[in-house]
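*Asks:* Let me see the structure of the following:
(one chain, ligands or ions: 1)
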Amino acid sequence: MTEIADPRDRLIVALDLPSVQAAEALIDRIGDAATFYKIGYQLGYAGGLALAERLAARGLKVFLDLKLHDIGNTVEEGVRSASGSGATFLTVHAYPQTMRAAVRGRGAGLKILAVTVLTSYDDADAAEAGYGLPVAELVAKRAAQAAEIGIDGLVCSAAEAGSVRRIVGPDRLIVTPGIRPAGTEAGDQKRVMTPGDARKVGIDHVVVGRPITGAADPRAVAQAIVAELA
Ligand SMILES: O=C(O)c1cc(=O)[nH]c(=O)n1[C@@H]1O[C@H](COP(=O)(O)O)[C@@H](O)[C@H]1O
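*Replies:* Down below sits the predicted model:
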């Protein structure tokens, strides 16, 4: 687990919103309660990639959640292009060929996170997708491969964070979505944990979307999550 001086940096707010205007309005409402924002498909394909550069230029940290997975050359060049965006994190799916290509394309300052098994999957979903291993074993296998390849961090659910930490050692990042403050809806997430419990199992960062984006007072929810993570 890395030393993180400012507990706000442990919370990554997922800007899963339909427009740059909506994202900027949310960031204004949250104010100084958050320092780290994630831009994924929904916002990225609606002008969010330019917003990523603007947020980074303002000193905010940016996680580009592109979840790349393609032939090696395409992944390598895609990661190389994203290396100029000012983002701190970029995701790829944790397939060995994809991870090796991402490491080749990685520029200074950009950390590659490998998504092990999506937090919306349980064992039945993994079987339906053709995998012969339960989720926990698939996560462990992919974490070991990611560490061997030199990936900077892993995305998994907090339920696997303890075993992933034992596999990858203290220096690689563990980033966990599927985080739900007590009493909030899981929605389509299947492997969920509260922020406080996730912190106890040694995560570095949590990713939280709908519990903040859908809140009447997103700033207050962000502050409460940071307090649980501190
Ligand atoms: O890579 C991710 O960020 C990710 C990986 C994963 O396994 N599960 C997962 O939910 N995510 C992302 O984390 C965010 C979770 O959002 P909420 O479920 O609304 O908190 C979404 O933006 C997802 O795309």
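*Asks:* after the helix or strand where A127 lies comes which helix or strand?
*Replies:* For A127, the enclosing helix or strand under DSSP states H and E is helix 123-128. Using DSSP H and E, the helix or strand that follows helix 123-128 towards the C-terminus is helix 135-149.
*Asks:* What helices and strands are in contact with that following helix?
*Replies:* helix 96-105, helix 123-128, strand 153-155, helix 161-168 (3 or more CB pairs under 8 Å, 6 or more residues apart in numbering; DSSP states H and E). C-betas here are computed from N, CA, C, even on glycine.
*Asks:* Can you add mean neighbour count and give the ones you listed back as CSV?
*Replies:* Shown next, in CSV, are those (neighbours: other CB atoms under 10 Å):
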stretch, mean neighbour count
helix 96-105, 20
helix 123-128, 14
strand 153-155, 26
helix 161-168, 19
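*Asks:* Adding distance to A227 and mean pLDDT, write these out as TSV.
*Replies:* Shown next, in TSV, are the helices and strands packed on helix 135-149 (distance: least, CB to CB, whole Å; pLDDT from 0 to 100):
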stretch	distance to A227	mean pLDDT
helix 96-105	34	98
helix 123-128	33	98
strand 153-155	24	98
helix 161-168	20	97
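*Asks:* Not counting its neighbours along the chain, what's nearest the residue in the chain positioned nearest to the ligand?
*Replies:* Distances between the chain and the ligand by CB to the nearest ligand atom are smallest at G209, namely 2.6 Å. Counting by CB to CB, 6 or more residues apart in numbering, A14 is the residue found nearest to G209 once chain neighbours are left out, at 3.4 Å.
*Asks:* Contact partners for the one you found?
*Replies:* Shown in contact with A14 (CB atoms under 8 Å, 6 or more residues apart in numbering): Y37, K38, G40, D65, P177, V207, V208, G209, I212, T213.
*Asks:* 6 Å instead, please
*Replies:* Residues near A14 by CB atoms under 6 Å, 6 or more residues apart in numbering: K38, V207, G209.
*Asks:* packing partners for the strand ranked longest in the chain?
*Replies:* Ranked by residue count under DSSP state E, the longest strand found in the chain is strand 61-68. Applying 3 or more CB pairs under 6 Å, 6 or more residues apart in numbering; DSSP states H and E, we find strand 61-68 packed against strand 36-39, helix 49-57, helix 72-82, strand 89-93.
*Asks:* and that strand with the ligand, contact?
*Replies:* Yes - on the criterion CB under 6 Å from any ligand atom, strand 61-68 is in touch with the ligand at D65.
*Asks:* avg pLDDT for that strand?
*Replies:* Averaged over strand 61-68, pLDDT sits at 98.
*Asks:* Paired strands for it, with orientation please.
*Replies:* Strand 61-68 sits in its sheet next to strand 36-39 (parallel), strand 89-93 (parallel), going by DSSP bridges.
*Asks:* Out of those, which gets nearest to R100?
*Replies:* Closest approach to R100 among the strands paired with strand 61-68 (CB to CB): strand 89-93, 10.1 Å.
*Asks:* in the closest one, what's buried?
*Replies:* F89, L90, T91, V92, H93 (16 or more other CB atoms under 10 Å).
*Asks:* likewise stretch 215-227?
*Replies:* Within stretch 215-227, judged by 16+ other CB under 10 Å, the buried ones are A215, P218, R219, V221, A222, Q223, A224, I225, V226.
*Asks:* ok, the first one - contacts?
*Replies:* Under the criterion of CB under 6 Å, 6+ apart, the contact list for A215 reads V221.
*Asks:* Report the secondary structure state of it.
*Replies:* coil (DSSP: H, G, I helix; E, B strand; the rest coil).
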